[in-house]
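Trainee: kindly return the folded structure for what I paste below:
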Amino acid sequence: MQNKTQENSTKDDTGFRMSRIQAEGWNAALNYLVSGNPGDQKKIAALNPYRTDLERSSWYAGFNKAVEKL
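Mentor: Coordinates of the predicted model:
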């Protein structure tokens, strides 16, 4: 029973962390676009500080959602 609780806690922690990373991507997009930068993919990729695929994709999801809203 305790293993199931620990597993759920780990999933919750990971989900929360990914949501925070997505929010960082959102904020990065706002700062990037407000500064008048064009959609240069190399510059955008350089803004993403994360290395794992999951973290990088969460950051890009936030970045792209912000761009869509503007």
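Trainee: so which elements touch the top helix by length along the chain?
Mentor: Longest helix in the chain by number of residues (criterion: DSSP state H): helix 2-34. On a contact count with 3 or more Cβ pairs under 8 Å, 6 or more residues apart in numbering; DSSP states H and E, helix 2-34 meets helix 41-47, helix 53-69. Just so you know, the C-beta spots here come from the backbone N, C-alpha and C atoms, and that holds for glycine as well.
Trainee: so which of the ones you listed is nearest Leu30?
Mentor: Closest approach to Leu30 among those (Cβ to Cβ): helix 53-69, 5.7 Å.
Trainee: and the angle from the longest helix of the chain to helix 53-69?
Mentor: Helix 2-34 runs at 40 degrees relative to helix 53-69, counting by axes from the mean of the first three to the mean of the last three Cα atoms, to 10 degrees.
Trainee: got the buried residues for helix 2-34?
Mentor: Within helix 2-34, the residues that count as buried by 16 or more other Cβ atoms under 10 Å are Met18, Ile21, Gln22, Glu24, Gly25, Trp26, Ala28, Ala29, Tyr32.
Trainee: so how far is it off the chain centroid?
Mentor: Computed by Cα atoms, centre = their mean, to the nearest Å, the chain-centroid distance of helix 2-34 equals 7 Å.
Trainee: average pLDDT for it, rounded please.
Mentor: Confidence for helix 2-34, expressed as mean pLDDT, is 85.
Trainee: need the residue closest to the centroid of this protein.
Mentor: Nearest to the geometric centre of the chain sits Trp59, at 1.9 Å (Cα atoms, centre = their mean).
Trainee: residues in contact with it?
Mentor: For Trp59, the contacting residues are Ile21, Gln22, Glu24, Gly25, Ala28, Asn48, Pro49, Tyr50, by Cβ atoms under 8 Å, 6 or more residues apart in numbering.
Trainee: I'd say the fourth one and Phe63 touch.
Mentor: Okay, so that is Gly25. Yes - with contact defined as Cβ atoms under 8 Å, Gly25 reaches Phe63; the gap is 3.9 Å.
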